[in-house]
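Asker: got a sequence here, can you model it:
(one chain, ligands or ions: 1)
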Amino acid sequence: MVKIEELLTSGENIIKKQSRVMYEYAGGPTGDLYLTNMRLIFLPKKRWALLSPGALLGKDIIISLQGIRLVSKGSFGSVKVQSDKDHRFFVKLWNTSSWVDTIQQTLSSTQRQGPPRQQPRFQQSYNPPPPPPPPTNVQHCGNCGRPLEFIHKYNRWYCRTCQKYA
Ligand SMILES: [Zn+2]
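Answerer: Numbering: from 1, shown residues only. The predicted structure follows:
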């Protein structure tokens with residue numbers, strides 16, 4: 001069985017722990033549930049197999065806090081965690097509130113301290129393409145003195161009064 005200490009990365013510390021937590025359904029696989037400042041980790045006590053198709057076989061369940069979309073109290077003393085899939089951890093009825101609260105607090109503090117979200121970074125790096133340079137100074141007709149009109153198509157100045165290019 002994997003020890004929690006082997007899984008923790010540098011800067012990761014355990015915020016909350018509970019043993020004899022059941023996963024997925026009451027009477028399901030039993031193990032230790034850990035909340036760290038980075039992840040929610042469930043370590044099964046022994047190799048276990050879920051009968052449902054596609055289920056994990058005796059694997060540790062590691063959920064990155066950044067991937068958690070929703071945490072809520074479920075029925076029968078469970079905590080529901082929605083990330084890429086829905087997880088249910090049965091922590092006993094009297095523990096559900098403290099688990100939900102602690103996970104939510106950790107999530108919000110992680111989001112505050114975390115790297116800047118994509119939106120500001122995108123705004124910083126995004127520069128609109130520069131508009132085509134307009135003719136800098138309005139020229140005046142050497143003949144009549146009126147402002148000339150710049151004709152982009154010919155890239156020349158044109159006097160409407162004299163009807164000729166400058
Ligand atoms: Zn003119």
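Asker: contacts and neighbour counts: CA atoms only from here.
Answerer: Noted.
Asker: contact partners of the strand or helix carrying residue 102?
Answerer: In the assignment (DSSP states H and E), residue 102 maps to helix 96-113. Contact partners of helix 96-113, identified using C-alpha atoms under 8 Å, 6 or more residues apart in numbering, comprise 16, 35, 37-38, 65-66, 71-73, 77-79.
Asker: which among these gets closest to the ion?
Answerer: Of all the contacts of helix 96-113, residue 66 has the smallest distance to the ion: 68.1 Å, by C-alpha to the ion.
Asker: can you pull the contacts of residue 84?
Answerer: 67-68.
Asker: and it, that one's in a helix?
Answerer: No: if the criterion is DSSP: H, G, I helix; E, B strand; the rest coil, then residue 84 is coil and not within a helix.
Asker: the helix or strand of the chain with the lowest mean pLDDT: what's the following helix or strand?
Answerer: In the chain, no helix or strand scores lower on mean pLDDT, DSSP states H and E than helix 118-125, which sits at a mean of 53. Remark: after helix 118-125, the chain's next helix or strand is strand 149-151, criterion DSSP H and E.
Asker: any part of that following strand near the ion?
Answerer: No: between strand 149-151 and the ion, judged by C-alpha under 5 Å from the ion, nothing touches; the nearest distance is 10.2 Å.
Asker: can you give the domain ranges for the chain?
Answerer: Domain assignment of the chain by automatic domain parsing yields the ranges 4-114, 136-166.
Asker: need those domains in a markdown table with mean pLDDT, can you?
Answerer: Supplementary listing: the domains of the chain in a markdown table, determined by pLDDT from 0 to 100:
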| stretch | mean pLDDT |
| --- | --- |
| domain 4-114 | 87 |
| domain 136-166 | 90 |
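Asker: residue 127: which of those is closest?
Answerer: Nearest of the domains of the chain to residue 127, taken as C-alpha to C-alpha: domain 136-166 at 22.3 Å.
Asker: and residue 71, that's in a strand?
Answerer: Yes: using three-state DSSP, the assignment for residue 71 is a strand.
Asker: quick check: closest non-adjacent residue to it.
Answerer: Computed as C-alpha to C-alpha, 6 or more residues apart in numbering, the closest residue to residue 71 that is not its neighbour in sequence is residue 81, at 4.7 Å.
Asker: what bridges to that neighbour?
Answerer: As for beta bridges, residue 81 partners with residue 71, residue 87 under DSSP bridges.
Asker: tell me how far it lies from residue 159.
Answerer: Per C-alpha to C-alpha, to the nearest Å, residue 81 is found 73 Å from residue 159.
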